[in-house]
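Peer 1: Got a sequence here, can you model it:
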Amino acid sequence: MGAIPPTAAISELASRQHGVVTRRQLIARRIPSSTISRWIRVGYLQPLHKGVYAVGHRRTSREARWLAGVLACGARASLSHGAAGQSRGILPLRQRLAVHVSVPRRSGADPDGVVVHRVRSLDPRDVSLHHGIPTTTATRTVWDLASVLTPLQTRRAFEQAEKLHLLDRPRLAALRAAVPSRRGAAVVRQLLAEAPLPLDATRSRLEELVLETCRDHGLPLPAVNVPVRGWEVDFLWERERLIVEADGGDHFDPAQREIDNRRDVELGQAGFLVRRWGTGPVTEKHGIAAELASLLGERRR
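Peer 2: The predicted structure is shown next:
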């Protein structure tokens, strides 16, 4: 069997790296510098950073841009901060964020288009391959984000990591204890001191908003998506016999509304008060908090 043509070998490598290769990798595969230069001239290699190329195309995926930034920063670089948050699923992908990369403090790499963070140390426990890219763990990413995001944005990332079962609370506490004066450390300390929200039991952003409203306004947390009298309800305050439903668009369907009405009647006859909130009301957190506090107080009496 003959040797694999160089372009085929490089294409195979690129297919494992989101369409990205480095000059160092090409040289290691015995591709002459003259061949690399020719491939660049004819457009087979598209420069992304110094010594980093997209193979055979100009358009690159988000993952390709992330990996290219990491490769451009050296062997011990890792995707971090906002880019790592998006990769790990703890920050929304709809936001346009720069490529952030963490490198050892002595590293001299500083490629254009990459936000480089030179860190004193990056424990191997805090980095892993994710989608084929060295990336800080969700826990380390939350710690890094706390230093650059607002407290509310940090909370959202923290809670999303916890919802996805990606957050290691003891490790995050250790990171905070190692640098207690770092910006964002106080926010992390506060988050760790709070009881976790049962976000993994929620099924929609509306339900998450109700729980966040309770937490933000010091209201008792309800049970989430639990059975009551043969029906599953979104939120239950059992002591007060109060039920709240966070209704999405499917509840506007006539057939579903008929089911909802029958359920509300049956639960009302059993002594429960049912309150329904749609998309608009739930996003008005202060109004919802005031109404919920009033309802809970009345039900206790």
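
Peer 1: Check the gap between the residue lying closest to Leu199 once chain neighbours are set aside and Gly287 for me.
Peer 2: Nearest residue to Leu199 in three dimensions, chain neighbours excluded: Lys163, at 4.0 Å (Cβ to Cβ, 6 or more residues apart in numbering). Quick note: C-beta positions are derived from backbone N, CA and C, even for glycine. The gap separating Lys163 from Gly287 is 25 Å, by Cβ to Cβ, to the nearest Å.

Peer 1: Repeat that for Val210.
Peer 2: Distance, Val210 to Gly287, by Cβ to Cβ: 13 Å.

Peer 1: quick one: which of the two has more around it?
Peer 2: The residue with more neighbours, out of Val210 and Gly287, is Val210; 25 against 13, by other Cβ atoms under 10 Å.

Peer 1: which residues touch the more buried one?
Peer 2: Val210 sits next to 222, 234-235, 244, 246, 277, 282, 288 when contact means Cβ atoms under 8 Å, 6 or more residues apart in numbering.

Peer 1: in what helix or strand does it lie?
Peer 2: helix 205-216 (DSSP states H and E).

Peer 1: Report the buried residues of that helix.
Peer 2: Using 16 or more other Cβ atoms under 10 Å as the test for burial, helix 205-216 gives 206-214.

Peer 1: Take the residues you listed and write them to CSV, including pLDDT and distance to Ser181.
Peer 2: Shown next, in CSV, are the buried residues of helix 205-216 (pLDDT from 0 to 100; distance: Cβ to Cβ, whole Å):
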residue, pLDDT, distance to Ser181
Leu206, 82, 39
Glu207, 85, 37
Glu208, 85, 32
Leu209, 85, 34
Val210, 86, 36
Leu211, 88, 32
Glu212, 86, 29
Thr213, 88, 32
Cys214, 89, 32
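
Peer 1: Closest one of these to Gly268?
Peer 2: Val210 (20.3 Å; Cβ to Cβ).

Peer 1: was I right about Ile243 contacting Val233?
Peer 2: Yes: contact criterion Cβ atoms under 8 Å: Ile243 and Val233 qualify, at 4.8 Å.

Peer 1: so what sits against both of those two?
Peer 2: By Cβ under 8 Å, 6+ apart, the residues touching both Ile243 and Val233 are 267, 274.

Peer 1: between the two, who's got more neighbours?
Peer 2: Taking other Cβ under 10 Å, Ile243 and Val233 do not tie; Ile243 has more neighbours (24 against 20).

Peer 1: Leu167 in helix, strand or coil?
Peer 2: coil (DSSP: H, G, I helix; E, B strand; the rest coil).

Peer 1: start the count at 53, not 1, going forward
Peer 2: Understood, numbering begins at 53; the last thing we discussed is Leu219.

Peer 1: Report the central residue of the chain.
Peer 2: In the chain, the C-alpha nearest the mean C-alpha coordinate belongs to Ile142, at 0.9 Å (Cα atoms, centre = their mean).

Peer 1: any idea which element that one lies in?
Peer 2: Here Ile142 is assigned to no helix or strand, by DSSP H and E.

Peer 1: Can you check the pLDDT for it?
Peer 2: At Ile142, the pLDDT value in this model is 96.

Peer 1: Could you check how far it is from Arg82?
Peer 2: Counting by Cβ to Cβ, the gap from Ile142 to Arg82 is 41 Å.

Peer 1: picking that back up, can you report phi and psi for the residue nearest to Leu251?
Peer 2: Torsion angles at Lys215 (phi, psi; degrees, to the nearest 10) stand at phi -60, psi -40.

Peer 1: Need the pLDDT of it.
Peer 2: pLDDT, Lys215: 89.

Peer 1: check contacts around it.
Peer 2: Per Cβ under 8 Å, 6+ apart, neighbours of Lys215: 251-252, 254.

Peer 1: same check, this time on Arg328
Peer 2: 296-297, 299, 303, 312, 316.

Peer 1: Would you state the secondary structure element containing it?
Peer 2: Here Arg328 is assigned to strand 325-329, by DSSP H and E.

Peer 1: Equivalent analysis for Thr187, please.
Peer 2: strand 185-188.
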